[in-house]
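Participant: Return atomic coordinates for the entry below.
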Amino acid sequence: MKKILMFAVLVLCFAGCSAPKCEVNTQPTPALYEATFVESSGTGEMMIKATGIGCSVEEALEEAKKTAVWFVLEGGDKPILKTQAEKTRAYGLEMQMYANPVKYIRWISDIKSKKKEGGKTKVTYLFKIDTAMIQQELAAAEIITSTEDLGESMGLPTVSVFADKGGDFAKTAVSALQEYFQDNSFEVYKAAQGDTVNKIVAKMAALEGAETDPMHDMALSLGTDVYAKVNYSGVNGTAGTKASVAVEVFETASGKMLATTTGFSDERRVSDANALVQEAVNDAGAKVVSQIRKEWMEMVKKGKPFKVAVLSNSADGAAVDEAVYGALKGLSSRPIKRQAGGKSTFTYIVYVKDMPNAYELFQAVKKAYSGPGQLEKVSDAGSFLVIKAAGNGEIELTIE
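Facilitator: The predicted structure is shown next:
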């Protein structure tokens, strides 16, 4: 009897049962969010390893394309959309991008992996995504602030780049990072061969008494808002050579670190390792530019830092210090940091909103000053201002 019942069930199943129908992803968003960063293949391009899943290889590939675009927008450690407010504003445009991801794809690799999962096909590819185009469309829709708008509202920071170590690879790393900054609308100041630290900067550094950083002093001399240190290293592996570059970016006036990251190249055999250095710098450059941009937008809201040095004579020093400090305090809503103070020389870090350069800061301080003598500008370079209170005795620090 049991055998008859089992046979009947099997007959009915063969007659009416079928394999579960594969459900197609009908949502505009990706079915999977499996993606990783591979490299920055150019200043406006990023290579992404992305996975998609679907009822066929073709459908899974289309899903992988959407996943790659999603990663650039919201994934990884340097997404274009950084805040929840930006993501909310971007929703409509983001859905349009998912509907036509091929618009932003410059290259697709051969299939890297393929397997069955839950009755569906899961595939992985490499994609080169045009990140510059995506950023431009988001900026045009006023979802993010474009570098041009940021530059108009405050002025993008000027940058100088230095190598921690010498050698041909270090030169390549510096040149590549300078190029990356320039391609992202930063103004780059280059130290020419034989350039020396400005005498004023050297004297002020000596007066402050701290161990000085020659790259910081050179950045002050060049008048750049920020400076970057880049350090190259190479590792020989089983598949060839892999390059890495460590990049640190500092705000020149205050010495505050704005960004730090390490970039890597793929490991492979090459006739000239400079190509790997360039690749590693592109990887690092994408990260530090994102970090600098974020910090600089905060400065738009809170005020740009300036380093102000004041020279006086010892008799009037205390009164000059008090008057300049009071003038600076009236210009800033943030605490003023005193870096050094003596009888006749004083240095401050002050954050001032809507102040594009040190010369305009001098004009504002001079107008508000009520201390002994008259303020005169000794030097202004970028965010570094040196002034003296003249008219009541000799200034005791001689600037040659």
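Participant: would you list every one of the helices in the stretch 101-250 of the chain?
Facilitator: Along the stretch 101-250 of the chain, the stretches classed as helices by DSSP state H, counting those that start in this stretch are 131-140, 147-153, 168-183, 199-208, 214-222.
Participant: can you tell which of those is closest to residue 260?
Facilitator: Taking CB to CB, helix 168-183 is the member of these nearest to residue 260, at 13.5 Å. Bear in mind the C-beta positions are built from the backbone N, C-alpha and C, glycine included.
Participant: now the angle from that closest one to helix 131-140?
Facilitator: What separates the directions of helix 168-183 and helix 131-140 is an angle of 30 degrees, with axes from the mean of the first three to the mean of the last three CA atoms, to 10 degrees.
Participant: which helices and strands sit right next to helix 168-183?
Facilitator: If you count contacts as 3 or more CB pairs under 8 Å, 6 or more residues apart in numbering; DSSP states H and E, helix 168-183 packs onto strand 158-163, strand 187-188, strand 226-237, strand 240-251, helix 274-302.
Participant: Tabulate the ones you listed (CSV), appending mean pLDDT.
Facilitator: As requested, the helices and strands packed on helix 168-183 are arranged in CSV below (pLDDT from 0 to 100):
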stretch, mean pLDDT
strand 158-163, 92
strand 187-188, 90
strand 226-237, 80
strand 240-251, 87
helix 274-302, 82
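Participant: winner for burial among the ones you listed?
Facilitator: strand 158-163 (a mean of 23; mean count of other CB atoms under 10 Å).
Participant: Tell me which residues are up against it.
Facilitator: Residues outside strand 158-163 that contact it (CB atoms under 8 Å, 6 or more residues apart in numbering) are 170-171, 173-174, 177-178, 181, 186-191, 215, 218-219, 222-232, 382.
Participant: Take that strand, keep the C-alpha atoms, and write them as CSV.
Facilitator: As requested, C-alpha coordinates have been extracted for strand 158-163 and formatted as CSV (Å, rounded to 0.1, in the frame of the first residue of the first chain):
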residue,chain,number,x,y,z
THR,A,158,47.4,75.8,-2.6
VAL,A,159,49.6,72.7,-2.2
SER,A,160,53.3,71.9,-2.2
VAL,A,161,54.6,68.3,-2.3
PHE,A,162,57.9,66.9,-0.9
ALA,A,163,59.5,63.5,-0.7
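Participant: That strand: partners in the sheet, and parallel or antiparallel?
Facilitator: strand 187-188 (parallel), strand 226-237 (parallel) (DSSP bridges).
Participant: and residue 293, which of those is closest to it?
Facilitator: With respect to residue 293, and counting by CB to CB, the nearest of the strands paired with strand 158-163 is strand 226-237 at 11.4 Å.
Participant: From the contact counts, what lies against the helix or strand where residue 62 lies?
Facilitator: Under the assignment given by DSSP states H and E, the secondary-structure element containing residue 62 is helix 57-74. For helix 57-74, the packing partners by 3+ CB pairs under 8 Å, 6+ apart come out as strand 35-42, strand 45-54, helix 84-99, strand 120-130, helix 131-140.
Participant: correct me, but residue 268 touches residue 241?
Facilitator: Yes: here residue 268 reaches residue 241: they are 7.4 Å apart, a contact under CB atoms under 8 Å.
Participant: what sits in contact with each of those two?
Facilitator: Shared contacts of residue 268 and residue 241, defined by CB under 8 Å, 6+ apart, are found at residue 276.
Participant: What distance do you get for the nearest residue to residue 24 once chain neighbours are set aside to residue 144?
Facilitator: Of all residues beyond its chain neighbours, the one nearest residue 24 is residue 55 (5.9 Å), with distances taken as CB to CB, 6 or more residues apart in numbering. Distance, residue 55 to residue 144, by CB to CB, to the nearest Å: 36 Å.
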